[in-house]
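> Sequence and predicted model, in that order:
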Amino acid sequence: MYRSNIVIVPAAGRVVRASSFVVPAFGSELCRLRLEALASFRAENLGSFFEPRRRGIVYEMSADRKTGAARPPDRPGWSYDGRSLRPHLDRLEHVRIVRERVTGRSGDSTFSWVADRGLLLTSRDGSQMLLLAVPDRSEQVLFVTGMSFYRALVDPAAPETPGATVRELLGYGDREDDLRVEAQLVLA
């Protein structure tokens, strides 16, 4: 798993930034995946899942918050250090939307919402990776390269792991109200 703002640079088409978007709703917070086309970007400033040695640049504010400085991503988790994902991301067979459907009751009132929470990426070799919005103020998304217990979000027949149910994986495990949380796959 890798947690960051992700910039998707396709071979053809617009460059897109994927991030999490959290807003107050129904006495809590509603999270969804936000995809934004970038008007401009500098490829040399980005790290790469295709070329893990390319680390990118991190901008850090000074203590007085008046200036910023570029620095290498030298802290753990600031850059991707796994194997190249080129064989899995170079040509995708399918991209599907992970959509959450939530219904609930609080006191005498009922509520419901639908939100697009992620993208399931399936490569030509059948391997799957998940880009998932998370309910966090940092706007980062979770990029899951090994599905493990996250499979419950994309396969209704997959067994749920205690502590990692669909409800918990989508960030609603601590809510005490009566919620019904489902995840569906929708063609993008």
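Ah, there it is. Numbers count the residues shown, from 1 in each chain.

> Doesn't Arg167 lie inside a helix?
Yes: under DSSP: H, G, I helix; E, B strand; the rest coil, Arg167 falls within a helix.

> need the contact list for the closest residue to it other than its chain neighbours.
Of all residues not flanking Arg167 in the chain, Val181 sits nearest, at 4.3 Å (C-beta to C-beta, 6 or more residues apart in numbering). In this view, the C-beta of every residue, glycine as well, is placed from N, C-alpha and C. Val181 makes contacts with 100-102, 166-167, 170, 172, as judged by C-beta atoms under 8 Å, 6 or more residues apart in numbering.

> And Gly126, by the same measure?
Glu93.

> What separation is there between it and Gly171?
Gly126 sits 28 Å away from Gly171, going by C-beta to C-beta, to the nearest Å.

> Kindly report the same for Val15.
In terms of C-beta to C-beta, Val15 sits 28 Å off from Gly171.

> out of the two, which sits in the busier spot?
For Val15 versus Gly171, the count of surrounding residues by other C-beta atoms under 10 Å is larger for Gly171: 21 against 16.

> State whether that one is indeed within a strand.
No: applying three-state DSSP, one finds Gly171 to be coil, outside a strand.

> Hmm, Asp155 and Leu130 touching each other?
No: the pair Leu130 / Asp155 is not scored as a contact, 11.4 Å apart, by C-beta atoms under 8 Å.

> So between the two, which is more surrounded?
A count of neighbours by other C-beta under 10 Å puts Leu130 above the other of Leu130 and Asp155, at 23 against 14.

> The more buried one: what secondary structure?
At Leu130 the chain is in strand, as set by three-state DSSP.

> which residues does the closest residue to it other than its chain neighbours contact?
Spatial nearest neighbour of Leu130, chain neighbours left out: Val144 (4.1 Å); criterion: C-beta to C-beta, 6+ apart. Val144 makes contacts with 1, 129-132, 150, as judged by C-beta under 8 Å, 6+ apart.

> Would you mind measuring from Val144 to Leu120?
On the measure of C-beta to C-beta, Val144 and Leu120 end up 10 Å apart.

> Mutual contacts of the two, please.
Joint contacts of Val144 and Leu120 (C-beta under 8 Å, 6+ apart) are 129-130.

> show me the contacts for Ser28.
So, once contact is read as C-beta under 8 Å, 6+ apart, Ser28 ends up touching Arg175.

> Specify the beta-bridge partners of it.
Beta-bridge partners for Ser28, by DSSP bridges, are Ala25.
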